[in-house]
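Visitor: turn this into a model:
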Amino acid sequence: MPPGRFRHFLAIDWSGAVGERQRGIALGLCSDAGEAPRLLLPPDHRHWSRDGVRRYLLDDLPPDTLVGLDLGISLPFADAGAYFPGWADSPGDARALWALIDEVCASDPHLSAGSFVDHLEASAYFRRHGGREGRAFHLPGAAHRRGRFRVTEVAQERAGCKPYSNFNLVGAAQVGKSSLTGMRLLQRLGGRLFVWPVDGLEPPAQGSVVVEIYTTIAALAAQRTAGRSKIRDGEALDAALAALGSAPAGLSGPIDDHSTDALLTSAWLRRHAHDKTLWHPAELTPEIARTEGWTFGAR
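Guide: Residues are numbered from 1 along each chain as shown. Sure, this is the predicted structure:
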């Protein structure tokens, strides 16, 4: 990616929680001018809604922005040759998966995805609350007892992260709910933003681009550990920003980790957006790109 390709860097800490407005959604933005990243507030200065983020991305996004979404943009496919092996309606690629989820959840408010995980066929592949583990949550001979992984999640684990299967919907660290609601968001963008690498291994020469991020990767680059990836005070945030070559945010006192994740990862995107190796990980094939996607920064 040539230097100067992107002018702005937006990191979105996402949430799959129930309800219209989410304390867990935070947006951090910085530019190529080198200033400290700042938090974006919704127009009413309350908490962001998922649809509010969608409207921002479509209507107010600065030009040539690299957008990082902290969620899984797809489900495992390569391990079984299908998202839902044995289900005749299993989609053939990520965009078809997003469309299916959005169609099944059309009546679910606030871009939630409860109808999909409770779907008669789809529910067999998920681990849900109340000890409800679907018969197909584990594949015979699966390499991961925590559930099915995408190829990029195996790469995350090699890097020192602790990924969870997107089919797991249980536990404080699960990312399945946020990923499913995020896939509804991606579908509702209507193809107006290029989503790497689902839409192609090479991003276009201009315009904004959406990538999947994992905020722990940014924390590791900022000299934190996986066990200490969450930052909850201004002094620690400024130290981590300094490790990424960023000006300090200058915030004081306690800060929620959703905000610090967004701010730190925005600065990390700025620092690494033009690293060619991150756009071309060795295991990213055209087939994996179109079906599973990839996490920017995993290699």
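Visitor: tally of neighbours for the closest residue to Ala173 other than its chain neighbours?
Guide: The spatial neighbour of Ala173 that comes closest, neighbours along the chain excluded (Cβ to Cβ, 6 or more residues apart in numbering), is Tyr164 at 5.8 Å. (Each C-beta comes from the backbone N, C-alpha and C, glycine too.) Neighbours of Tyr164 under the rule other Cβ atoms under 10 Å: 20.
Visitor: so who does Tyr164 touch?
Guide: Applying Cβ atoms under 8 Å, 6 or more residues apart in numbering, we find Tyr164 in contact with 146-147, 171, 173-176.
Visitor: now Ala249
Guide: Taking Cβ under 8 Å, 6+ apart, one finds 36-38, 234, 237-238, 241, 263 in contact with Ala249.
Visitor: try Ala36
Guide: Applying Cβ under 8 Å, 6+ apart, the residues near Ala36 are 30, 241, 246-250, 263, 267.
Visitor: list buried residues within the contacts of Ala249.
Guide: Buried by 16 or more other Cβ atoms under 10 Å: 36-37, 234, 237-238, 241, 263, out of these.
Visitor: what's the lowest-pLDDT member of those?
Guide: Lowest in pLDDT among the buried ones among the contacts of Ala249 is Gly234, which has 93.
Visitor: how about the nearest residue to that one, chain neighbours excluded?
Guide: Going by Cβ to Cβ, 6+ apart, Gly234 has Leu251 as its nearest residue, at 3.8 Å.
Visitor: for this protein, which segments are assigned as helices?
Guide: Taking DSSP state H, the helices of the chain run over residues 50-59, 94-104, 114-117, 151-158, 176-188, 215-221, 234-243, 257-272, 276-279, 286-291.
Visitor: the nearest residue to Thr181 once chain neighbours are set aside: how many residues sit nearby?
Guide: Once flanking residues are discounted, Thr181 sits nearest to Gly16: 4.6 Å by Cβ to Cβ, 6+ apart. Counted by other Cβ under 10 Å, the residues lying close to Gly16 total 23.
Visitor: roughly how far apart are the residue nearest to Gly234 and His272?
Guide: 23 Å (Cβ to Cβ, to the nearest Å).
Visitor: of these two, give the one with the bigger neighbour count.
Guide: His272 (20 against 17).
Visitor: roughly how far apart are that one and Gly245?
Guide: From His272 to Gly245 the distance is 11 Å (Cβ to Cβ).
Visitor: my read: Glu133 touches Arg127, true?
Guide: Yes: in this structure Glu133 lies within contact range of Arg127 using Cβ atoms under 8 Å: 4.7 Å.
Visitor: what bits of the stretch 101-250 of the chain have low per-residue confidence?
Guide: 140-145 (pLDDT under 70).
Visitor: if we go to 80?
Guide: 131, 139-146, 172-173, 226 (pLDDT under 80).
Visitor: distance check, the residue nearest to Thr181 against Ala262.
Guide: Gly16 is 16 Å from Ala262, by Cβ to Cβ.
Visitor: and what of Ile25?
Guide: In terms of Cβ to Cβ, Ile25 sits 9 Å off from Ala262.
Visitor: common neighbours of those two, please.
Guide: Joint contacts of Ile25 and Ala262 (Cβ under 8 Å, 6+ apart) are 12-13.
Visitor: the two - which one has more neighbours?
Guide: Comparing Ile25 with Ala262 by other Cβ under 10 Å, the one with more neighbours is Ala262, at 28 against 22.
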